[in-house]
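have a look; sequence and predicted model below, questions after that.
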Amino acid sequence: MTGDVQIYAGDIAYTGTRKEYALGSRGVTEGGAIYRYARAGAVALAPGKLTVASTIVANHENIAVAAAAAAGASEVTVTLGATEATLNQYADGYLVVNDAAGEGTAYRISGHPAADASASLTVKLSDDVRVALTTSSEVTLLANEFADIVISAADQADKAAGIPNNTIPAGEFGWVQTQGVCSALADEALAIGSTCTIGSSVAGALEVADLIGEQAVAVAIQAGVDTEYRAVSLILE
């Protein structure tokens, strides 16, 4: 599908094991709130708790291209590091060229088979290779930022994804809110108008942003009470 998806209360509340849209698809409500279509990771996601993107697999980062891929090719074969890849783990994600021929380009992944650790993996692309790759090229396999999302840890070391308005069971698909008025768990007292970021003391919570470089997640529109849920306006993409 292309363009935004018009979603309603029933859509937001629905979760399931069948993938209905591409991961990251934007859903817009009649009131203008924005959601993204996501898949929960190994732990269920709770309403009002901030989620973050899954961690990059270190052994799938800066890996070698196993065979040259000419401009116009629709797939690229890479050599994995010492971690296996599961079936379509990177579907809707990206192959990012880090170094050597083709560096500075990125391609959306449509799918791929499973592959053992340290084995070759052929990745099918949604768009053709624009700049030829050689066996000297190094790439990273990057999962979609809304694939296998998890409740934020209290370390501020991840990219915020969004906040679900209902429980999304582990491994199931559903919508997480990224813009608009939302109920969110507070990690500390939140003054109205303050910019909020990932909480550093409580998993899934927000706190006032006070350092340069902290990700802006929301603006408080109700005075926040530590450990309680309060209204914020999300400002994620």
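Perfect, I can see it now. Residues are numbered from 1 along each chain as shown.

who are the packing partners of the longest strand anywhere in the chain?
Taking residue count as the measure and DSSP state E as the definition, the longest strand of the chain comes out as strand 173-185. When contacts are defined as 3 or more CB pairs under 8 Å, 6 or more residues apart in numbering; DSSP states H and E, strand 173-185 packs onto strand 34-39, strand 160-164, strand 229-235. No exception for glycine: its C-beta is placed from N, CA and C like everyone else's.

how about low-confidence regions in the chain?
Within the chain, the set of residues satisfying pLDDT under 70 comprises 1-2.

center of it - which residue?
Central residue check for the chain by CA atoms, centre = their mean: the C-alpha nearest the mean position is that of E145, 1.6 Å away.

just checking, that residue touches R39?
No - taking CB atoms under 8 Å as the contact criterion, E145 and R39 are not neighbours in contact, 11.1 Å apart.

how's this structure carved up into domains?
By the record's domain assignment, the chain is partitioned as 5-54+147-235, 58-142 (automatic domain parsing).

can you redo those as a markdown table with mean neighbour count?
Output for the domains of the chain, formatted as a markdown table (neighbours: other CB atoms under 10 Å):
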| stretch | mean neighbour count |
| --- | --- |
| domain 5-54+147-235 | 18 |
| domain 58-142 | 17 |
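
distance of L121 relative to A67?
For L121, the distance to A67 (CB to CB, to the nearest Å) stands at 11 Å.

what is in contact with these two at once?
Here L121 and A67 have T77 as joint contacts, going by CB atoms under 8 Å, 6 or more residues apart in numbering.

isn't L23 right next to A53, touching?
No - contact criterion CB under 8 Å: L23 and A53 do not qualify, at 10.9 Å.

what residues are shared contacts of the two?
Contact with both L23 and A53 is made by residues F146, according to CB under 8 Å, 6+ apart.

just the helices from the protein, written as ranges.
In the chain, helices defined by DSSP state H lie at 9-13, listed in chain order.

relative to strand 34-39, how tilted is the longest strand of the chain?
120 degrees (axes from the mean of the first three to the mean of the last three CA atoms, to 10 degrees).

give me the residues contacting stretch 157-166.
The set of residues external to stretch 157-166 that reach it, using CB under 8 Å, 6+ apart, is 12-13, 15, 35-36, 38, 45-53, 55, 145-146, 149, 152, 174-178, 182-184, 198, 215, 217, 234, 236.

what about that stretch, distance to the chain center?
The offset between the C-alpha centroid of stretch 157-166 and the centroid of the whole chain comes to 9 Å, using CA atoms, centre = their mean, to the nearest Å.

what is the end-to-end distance of it?
25 Å (CA to CA, to the nearest Å).

quick one, what contacts A115?
A115 makes contact with L80, E84, A85, L121 under the criterion CB under 8 Å, 6+ apart.

could you find the closest non-adjacent residue to it?
Of all residues not flanking A115 in the chain, L121 sits nearest, at 3.9 Å (CB to CB, 6 or more residues apart in numbering).

hey, what's that neighbour bridged with?
On the basis of DSSP bridges, L121 takes part in beta bridges with V78.

for it, what are its contacts?
Neighbour list for L121: T77, V78, T79, L80, A85, H112, P113, A115 [criterion: CB under 8 Å, 6+ apart].

circling back to that earlier point, quick one, the longest strand of the chain and strand 229-235 angle?
Direction vectors for strand 173-185 and strand 229-235, defined by the same axes, to 10 degrees, enclose an angle of 120 degrees.

on that earlier part again, could I get the phi/psi values of the residue nearest to the centre of the chain?
The phi/psi pair for E145 (degrees, to the nearest 10) reads phi -70, psi -10.
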